[in-house]
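Undergrad: output the structure for:
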Amino acid sequence: MFKFFNRVKTVVSSELNSMLDKAEDPVKMLDQFMRDMETDIRDAESAVAKQIANEKMLKRKYDDAQAMVEKRQSQAEKAIEAGNEDLARRALEDKQEHTQQAESLKESWDRAKQDADQLRTKLDEMKKEYQEMKLKKDSLKARAESAKTRTKINRTMSSIGNDESKQGFSRMEEKVLQYEAEADTSDDMSAASRSLDDEFDSLETNQVDDELAALKKKMGKE
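TA: This next block holds a predicted model:
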């Protein structure tokens, strides 16, 4: 009972790194260890309760035997006072038997009480260790979750800066530059087209001016 509890405690305190190396989930394993400890404590409580009950039973039998010794002693004294020596003798003989029983029961009760006290002490130690391991478990779980989060973030950051990502950004940058170059070329062509139209407009304007001058000359309005 107590041996298994100590084994679980040893696993928790000394084999966590081994679990991590084996890719076991430390959070789940720690929860399982705590459940195992809780089972051990319940078993220990049951054993202690039975031992205490046994101790009380032996104490009660010892008290009964001791009370009978005192009773037979008192009865023997009364028989002597009454002048009944034979009755007194029989009372003393029965007293001796109950005295032997009381002595034997006293030894058994003492041993049972000692065992019960030791079990109670060990049970208290188990509960104390359980509380300590519970606090340690909470701390380890928090550290494990923090480590998982850091690992996830580091992997994400690493993937952002890898060669494939950089090449992708470079390709997109080239496309943007290409789009900008195409836009600039379109602007230049549009400007060139507008300049050509302006020249034709200017040419048409000159022809009108010539016709107007000829008309004024014809009408003598120069």
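Undergrad: what's the burial count for Val27?
TA: Residues lying near Val27 (other C-beta atoms under 10 Å) number 15. Heads up, the C-betas are built off the backbone N, CA and C, glycines and all.
Undergrad: thought Arg143 was touching it, still the case?
TA: No - between Val27 and Arg143 there is no contact under C-beta atoms under 8 Å: 10.1 Å.
Undergrad: check which helices and strands the helix or strand where Ser108 lies sits against.
TA: Ser108 belongs to helix 85-160 when assigned by DSSP states H and E. Taking 3 or more C-beta pairs under 8 Å, 6 or more residues apart in numbering; DSSP states H and E as contact, the helices and strands that helix 85-160 lies on are helix 2-14, helix 26-81.
Undergrad: off-centre distance for that helix?
TA: Average the C-alpha atoms of helix 85-160, do the same for its chain, and the two points are 25 Å apart (C-alpha atoms, centre = their mean, to the nearest Å).
Undergrad: now do it against helix 26-81, angle only.
TA: 170 degrees (axes from the mean of the first three to the mean of the last three C-alpha atoms, to 10 degrees).
Undergrad: identify the residues contacting the nearest residue to Glu55 once chain neighbours are set aside.
TA: Of all residues not flanking Glu55 in the chain, Ala112 sits nearest, at 4.1 Å (C-beta to C-beta, 6 or more residues apart in numbering). Remark: with contacts taken as C-beta atoms under 8 Å, 6 or more residues apart in numbering, Ala112 is in contact with Gln51, Asn54, Glu55, Leu58.
Undergrad: what about the third one, neighbour count?
TA: Which is Glu55. If you count neighbours by other C-beta under 10 Å, Glu55 ends up with 20.
Undergrad: wait, it sits on Trp109?
TA: Yes - counting by C-beta under 8 Å, Glu55 touches Trp109, with 6.7 Å between them.
Undergrad: next, the contact list for the residue most central in space within the chain, please.
TA: Centroid-nearest residue in the chain, with C-alpha atoms, centre = their mean: Lys141, separated by 4.1 Å. For Lys141, the set of contacting residues under the criterion of C-beta under 8 Å, 6+ apart consists of Pro26, Val27, Leu30.
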